[in-house]
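In: Curious how this folds, go ahead:
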Amino acid sequence: MDSLIRTFSNAQTSRDGYQLAQTLSPDLPQQQLQAIWKSCGQHDAQIVIKRGIQNSTSGFEKLPKDEVQGWSDVYLAYWKAIGELLPALNQAPQSSWTKVYDAWKELLSALYRGYIGQGFEAWSIPCLYVVAKNLRFFALKADEERNNNVAAGDTSGQIFQDDFDPESEQNQKLEDCARQLNRIFTLCLNDRAPLEESRKWGIYYIINLLFKTYFKLNSASLSKNILKTLSAYRGDMPPLSAFPKSQQVTFKYYEGVLCFLEENYFQAEEHLTQAWSLCHKDALKNKELILTYLVPCHLLTTHTLPSQKLLEPYPRLQKLFLPLSNCIKKGELHAFDLALQQGEDEFVKRRIYLTLERGRDIALRNLLRKVFIAGGFEESKVEGGPRVRRTRIPVAEFAAAISLGSKQSLETDEIECLMANMIYKNLMKGYIARERGFVVLSKSGAFPGTGV
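Out: You can find the predicted model right below:
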């Protein structure tokens, strides 16, 4: 405890929030955690901690009485949390990650009370992030432990009630964690102090934790409320560019994914591209997550496919996207359907199935383009003039190509419907002359963006 108090004193003197946050971390070596736990007993912990904080900040840097009491409560809660954490780490009998979560939640509450009414200053905001981040981790551990116990037949921790919904109990602690994080978000957002002394400097740290939590709970829609609230306060906020790049990347990634889920692909592409450009070159896992959504965005917005070189460092993405990309390039409709079906579970899990399904239009465009090119040229009506491509293509030729490519026999009306959709989506320029059974294509740019 003495070394902890000395670090606290140094951090207070230098007003170093990151150094102060390290005194509330559970990621210390077990020997150090054990030493902190054994430094005082249940009967005298509160007195020892309060006296240590009073003595460490005496003299010129002496803290006000309320703040001393606030930090004493925080470190007492931290000491108690360590008492629950150590048995859980060692898998001791009667240990429980639920107890760790509850103790750590009390630590976060003590910090919250400190900022609300006991004079904690904004420079110490990193403490909130470190404690909140670990609260989420312990919530995941507690829910995992509980679900494993239920699967093993131990229902001692289960509350019996009418209309019991097992799904709602699977993430019990994580849902509670989301509520605690929302309190911290509001605490930072509603600070009216001047910006240089404001708790708003912690806002993006907490928002990113909320994003991760909501996505884990499969409640991504709740993240939209966070963005709406943030947008309303945007003028009073520190710019995102003033935060560490790690927080910028995380925020832009989730902002892009939310736009993606709303089918706003152009904005999604913009946010995800920013996240990609800011992401560290060695952060391959993060880059893989960004590409998971950026590749489908590019497919729909610019009709471009990922190259082998781009996906080379990411074997999982190669498995997901390369079969589809090859089918789209070659215009193989049946193979595209099979590749989409084979990857369906993974595509649905990653929320990209419906977007990739639209890639079939690009595959069909490429197939129709092949028919157009195979049609060859017509002789120029002007003697000696350059030959021009045949632009009046019989519907029957397109029908034959589509039937062969999809391995399905389609009626003429269905073929015409497909062609009309291609023209409507600006994947093909022209019109259908139904009476004569022809598709008349544009002489310049019949298939926009393909050079034909």
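In: Give the residue spans of the stretch 301-450 of the chain that score low on pLDDT.
Out: Counting by pLDDT under 70, the ranges of the stretch 301-450 of the chain that qualify are 379-386.
In: Also the stretch 151-300 of the chain?
Out: 152-169, 235.
In: Next, count neighbours for the spatially closest residue to residue 266 that is not a sequence neighbour.
Out: Nearest non-adjacent residue to residue 266, counting by CB to CB, 6 or more residues apart in numbering: residue 301, 5.8 Å away. To be clear about C-beta, it is placed using only N, CA and C from the backbone, and glycine gets the same treatment. Number of residues near residue 301 (other CB atoms under 10 Å) recorded here: 13.
In: so what's residue 301 up against?
Out: By CB atoms under 8 Å, 6 or more residues apart in numbering, the contact set of residue 301 is 265, 266, 269.
In: from the residues you listed, which would you call buried?
Out: Buried residues within the contacts of residue 301, counting neighbours by 16 or more other CB atoms under 10 Å: 265, 269.
In: could I get the contacts of residue 301 as JSON lines with secondary structure and distance to residue 179?
Out: Below are the contacts of residue 301 laid out as JSON lines (DSSP: H, G, I helix; E, B strand; the rest coil; distance: CB to CB, whole Å):
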{"residue": "265", "secondary structure": "helix", "distance to residue 179": "33"}
{"residue": "266", "secondary structure": "helix", "distance to residue 179": "34"}
{"residue": "269", "secondary structure": "helix", "distance to residue 179": "33"}
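In: Mind putting the contacts of residue 301 into CSV with distance to residue 406?
Out: CSV is the format used below for the contacts of residue 301 (distance: CB to CB, whole Å):
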residue, distance to residue 406
265, 26
266, 30
269, 29
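In: what's the closest of the contacts of residue 301 to residue 334?
Out: Nearest to residue 334 among the contacts of residue 301 is residue 265, at 26.4 Å by CB to CB.
In: so what secondary structure elements neighbour the helix or strand where residue 114 lies?
Out: Using DSSP states H and E, residue 114 falls within helix 97-117. Applying 3 or more CB pairs under 8 Å, 6 or more residues apart in numbering; DSSP states H and E, one finds that helix 97-117 contacts helix 65-89, helix 126-151, helix 172-189.
In: how far is stretch 182-190 from where the chain is centred?
Out: Counting by CA atoms, centre = their mean, to the nearest Å, stretch 182-190 is centred 21 Å from the centre of its parent chain.
In: C-alpha coordinates for it, CSV please?
Out: These are the backbone C-alpha positions of stretch 182-190, laid out as CSV (Å, rounded to 0.1, in the frame of the first residue of the first chain):
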residue,chain,number,x,y,z
ASN,A,182,-23.9,5.4,-19.6
ARG,A,183,-23.6,7.1,-16.3
ILE,A,184,-20.0,7.9,-16.9
PHE,A,185,-20.8,9.2,-20.4
THR,A,186,-23.4,11.6,-19.0
LEU,A,187,-20.9,12.6,-16.3
CYS,A,188,-18.4,13.7,-19.0
LEU,A,189,-20.9,15.1,-21.4
ASN,A,190,-22.6,17.4,-18.9
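In: So residue 5 sits against residue 51, correct?
Out: No. Contact between residue 5 and residue 51 fails when scored by CB atoms under 8 Å: they sit 9.5 Å apart.
In: So if I had to pick from the two, which one is more boxed in?
Out: Taking other CB under 10 Å, residue 5 and residue 51 do not tie; residue 5 has more neighbours (21 against 13).
In: Now that one. Nearest residue, chain neighbours left out?
Out: Per CB to CB, 6+ apart, closest to residue 5 is residue 52, 4.1 Å.
In: The helix or strand harbouring that neighbour - contacts with which helices or strands?
Out: Here residue 52 sits within helix 45-56, counting by DSSP H and E. Applying 3+ CB pairs under 8 Å, 6+ apart, one finds that helix 45-56 makes contact with helix 2-14, helix 65-89.
In: rank those helices by pLDDT, which is bottom?
Out: Comparing mean pLDDT across the helices and strands packed on helix 45-56, the weakest is helix 2-14, with a mean of 83.
In: buried sites along whichever helix or strand comes after that helix?
Out: Downstream of helix 2-14, the next assigned helix or strand under DSSP H and E is helix 17-22. Applying a neighbour-count criterion of 16+ other CB under 10 Å, one finds 17, 20, 21, 22 buried in helix 17-22.
In: Could you export the residues you listed as JSON lines, including distance to residue 311 and pLDDT?
Out: Formatted as JSON lines, the buried residues of helix 17-22 follow (distance: CB to CB, whole Å; pLDDT from 0 to 100):
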{"residue": "17", "distance to residue 311": "40", "pLDDT": "86"}
{"residue": "20", "distance to residue 311": "43", "pLDDT": "89"}
{"residue": "21", "distance to residue 311": "38", "pLDDT": "89"}
{"residue": "22", "distance to residue 311": "39", "pLDDT": "89"}
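In: which one of those sits closest to residue 177?
Out: residue 21 (18.6 Å).
In: List the contacts of the closest one.
Out: Per CB under 8 Å, 6+ apart, neighbours of residue 21: 124, 126, 127, 129, 130.
In: Let's see the pLDDT reported for the first one.
Out: Same thing as residue 124. pLDDT, residue 124: 88.
In: Chain neighbours aside, what residue packs nearest to residue 170?
Out: Closest to residue 170 by CB to CB, 6+ apart is residue 147, at 5.8 Å.
In: Can you show me the strands along the stretch 351-452 of the chain?
Out: Ranges of strands in the stretch 351-452 of the chain, per DSSP state E, counting those that start in this stretch, are 377-378, 388-389, 392-394, 430-433, 438-441.
In: Show me where the stretch 151-300 of the chain has its helices.
Out: Using DSSP state H, counting those that start in this stretch, the helices found in the stretch 151-300 of the chain span residues 166-170, 172-189, 203-216, 221-232, 245-261, 265-278, 284-301.
In: dump the residue contacts of the residue nearest in space to the middle of the chain.
Out: In the chain, the centroid-proximal residue (CA atoms, centre = their mean) is residue 254; its distance is 4.2 Å. Listed by CB under 8 Å, 6+ apart, the contact set of residue 254 reads 208, 211, 212, 215, 223.
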